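A.B. asks: Let's see this in three dimensions:
(one chain, ligands or ions: 2)
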Amino acid sequence: MEYRKYGNTGAMVSTLGFGAMRLPTHEDGTCDIEKSVPLLQRGIDLGINYIDTAYVYINGTSEVAVGAAIKKYDREKLYLATKIPTNDEKESDPDEWRRKLETSLARFDTPYIDFLLMHGCNWKSFTEHISKPGRALDVARKAQAEGLIKHLCFSSHDDPQNVIKLLDTGEFASVLLQYNYIDTHNLPAIHHAAEKGIGVAVMGPVAGGRLFVPGGVIRDEEGSLEVKTPELSLRFVWSNPDVSVALSGMNTMEQIEENVAAADKAELNESENARIRELVERNKALSDLYCTGCAYCMPCPNGVNIPENFRYMNWFKVWGLEKEAKEAYAKLSGDRVWTPWAGVITGLNAEACIACGECEPKCPQNIPIIDQLAETAKTLG
Ligand code: SF4
Ligand code: SF4
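C.D. replies: Ligands and ions are numbered 1, 2, ... in the order given. This next block holds a predicted model:
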C-alpha cells in the first residue's frame, strides 16, 4: 500500500480509502454489522488507514459498523472521516449540528473524528447558512477547540468554480470530490486544492461501480496494456499526484483484495498513463450519462430502477459489452434477482418509464433521465 501526504494535515493516508456507504445490509436496510466488520478489518489489515462514512449512510448504521470494526486497532493509526449534512437552514442550526456530531461520536464510540466534512457543501449554502455567525461553521470550530474534531473539511457536488471559492475561504483542511476517468470536470478544483496544501480525497473512482464490469478486462489497441476494469479506474485516479486517497465503496472480500492489489502495484509509468488517457478520450461519449448510482432519483412511482438501467447502458457504451448489457437489462422485470455486481436487484427496465418527470429534479448530476432512459430502452430493449 502506498501512503500519501494529505495536504497540510500531517496525515499520511493510504491511497485506497475504505468507503463505508455500501456495506452489507439486512432486509430492513440497516447495516449487517456481523458481515461488515470482517470486511472493514480485512481492509485495515491490508494497509487501509482511511475510512470514510457519513451521518446518513445506511440510516446511520454505517458509522456503528465502522466503530465496531476499529475497536481492536490503535485508534491513533487510523483516520476516520465522516460527514454531517449542513446545507439548509435547519441542518446548519447550531443545536441540530452539535446533536448530530455527538450522535456520530457515540455511534463510532470514539473520542474524536479525524476529518469531519460538511456533507455536500456548496457555495450558496456556505454563504447563506453555514458561515453565518453562530451557525454550523462556528459550532464546528468550537467542537474542534474541544478536541472532538481534528480537521474540518467538506465534500461537494458544486461546480468547480464554486468549489475553488470554498477552498479559498481558508476554512477547510481537505476536500472530497468526484473524479474518475469519465468525469474529470473537477480537475481544476483538485489542482487548486493541492496547490494550497488542502488534502484531496476522491469519491467515485469507479463511479459507484458503474465503471466496473465483472470479469471485464480492458486492452489497448495493440493489446499490450491489459487492465481489469476496477483496477484501470483506480489507477487512473492515482496517476494524478494531486490526489491523496481514492475511496472505494467495497462490500466483498474479493473487491477489497483486488483493490488493495491494485494499490500495491507500482504506479503507472508514463506510457501506460498516456495509453489510459487515450482510452479515456475514446470513451468521452459516455460523459453525457454519468450516473453515480446514488439513487437520489429513486423511488420511481412507476417502478423503474433508474440507476441499474444506466449501469447497463454504461457497460454497453464504455466497454462495448453488448451481450452482457442486454442480458442484465432483461433481468429488470420487476422480480427480485440476485446479481454478482449489485447483490439483489429489483425494479423495471427503461420501457416502463412514463416520462412523469418526478425523478429529474432530484439528480445531482443533472442527467436528462427521461431522454437517457428512452435511449437505453432503444439500445438494450
Ligand atoms: S420520469 Fe420515468 S423514471 Fe422518472 S420517475 Fe417518472 S416514470 Fe420514473
Ligand atoms: S440521481 Fe442521477 S446520478 Fe443518482 S442514480 Fe439517479 S440518475 Fe444516477
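A.B. asks: From now on I want contacts and neighbour counts done on CA atoms only, so please keep to that.
C.D. replies: Fine.
A.B. asks: so Glu128, which of the three states?
C.D. replies: helix (DSSP: H, G, I helix; E, B strand; the rest coil).
A.B. asks: residues in contact with it?
C.D. replies: Going by C-alpha atoms under 8 Å, 6 or more residues apart in numbering, Glu128 touches no other residue.
A.B. asks: any idea how far it is from ligand 1?
C.D. replies: Distance from Glu128 to ligand 1, counting by C-alpha to the nearest ligand atom, to the nearest Å: 31 Å.
A.B. asks: Return the residues of the protein in contact with ligand 1.
C.D. replies: Cys300, Pro301, Asn302, Val304, Cys353, Ile354, Ala355, Cys356, Gly357, Glu358, Cys359, Ile370 (C-alpha under 6 Å from any ligand atom).
A.B. asks: now the residues you listed: which count as buried?
C.D. replies: Cys300, Val304, Cys353, Cys359, Ile370 (16 or more other C-alpha atoms under 10 Å).
A.B. asks: Confirm that the first one sits in a strand.
C.D. replies: No. When the secondary structure is assigned by three-state DSSP, Cys300 falls in coil instead of a strand.
A.B. asks: Leaving out the residues flanking it, which one is nearest to it?
C.D. replies: Cys359 (6.7 Å; C-alpha to C-alpha, 6 or more residues apart in numbering).
A.B. asks: Would you mind confirming that the one you found is in contact with Gly303?
C.D. replies: No. Taking contacts as C-alpha atoms under 8 Å, Cys359 lies outside contact range of Gly303: 11.6 Å.
A.B. asks: Glu195: neighbouring residues, count only.
C.D. replies: Here the number of neighbours of Glu195 (other C-alpha atoms under 10 Å) works out to 12.
A.B. asks: returning to that earlier point: the residue nearest to Cys300: what's it in contact with?
C.D. replies: Cys297, Met298, Cys300, Ile369.
A.B. asks: Could you dump those residues into CSV with distance to Ala20 added?
C.D. replies: Below are these laid out as CSV (distance: C-alpha to C-alpha, whole Å):
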residue, distance to Ala20
Cys297, 21
Met298, 21
Cys300, 25
Ile369, 27
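A.B. asks: What subset of those is buried?
C.D. replies: The buried subset of those - by 16+ other C-alpha under 10 Å - is Cys297, Met298, Cys300, Ile369.
A.B. asks: Spit out the contact partners of the first one.
C.D. replies: Right, the one you point to is Cys297. Ile306, Cys359, Glu360, Pro361, Lys362, Cys363.
A.B. asks: again with the third one
C.D. replies: Cys300 is in contact with Ile306, Glu358, Cys359, counting by C-alpha under 8 Å, 6+ apart.
A.B. asks: wait, which of the residues you listed is closest to Gly170?
C.D. replies: Proximity of the contacts of Cys300 to Gly170 (C-alpha to C-alpha) peaks at Cys359, which lies at 35.9 Å.
A.B. asks: How much space separates the closest one from Ala374?
C.D. replies: Separation of Cys359 from Ala374 (C-alpha to C-alpha, to the nearest Å): 14 Å.
A.B. asks: got it, and Gln178?
C.D. replies: Relative to Ala374, Gln178 is positioned 26 Å away (C-alpha to C-alpha).
A.B. asks: rewinding a little: now, which of the buried ones among the residues of the chain next to ligand 1 lie within helices?
C.D. replies: If you go by DSSP state H, those have Ile370 in helices.
A.B. asks: Count the neighbours of the closest residue to Tyr312 other than its chain neighbours for me.
C.D. replies: Nearest residue to Tyr312, sequence neighbours excluded (C-alpha to C-alpha, 6+ apart): Ala325, at 4.8 Å. Ala325 sits with 23 neighbouring residues when counted by other C-alpha under 10 Å.
A.B. asks: on that earlier part again, now the residue nearest to Cys300. Its backbone dihedrals?
C.D. replies: phi -80, psi -40 (degrees, to the nearest 10).
A.B. asks: same check, this time on Val245
C.D. replies: Main-chain torsions, Val245, degrees, to the nearest 10: phi -140, psi 140.
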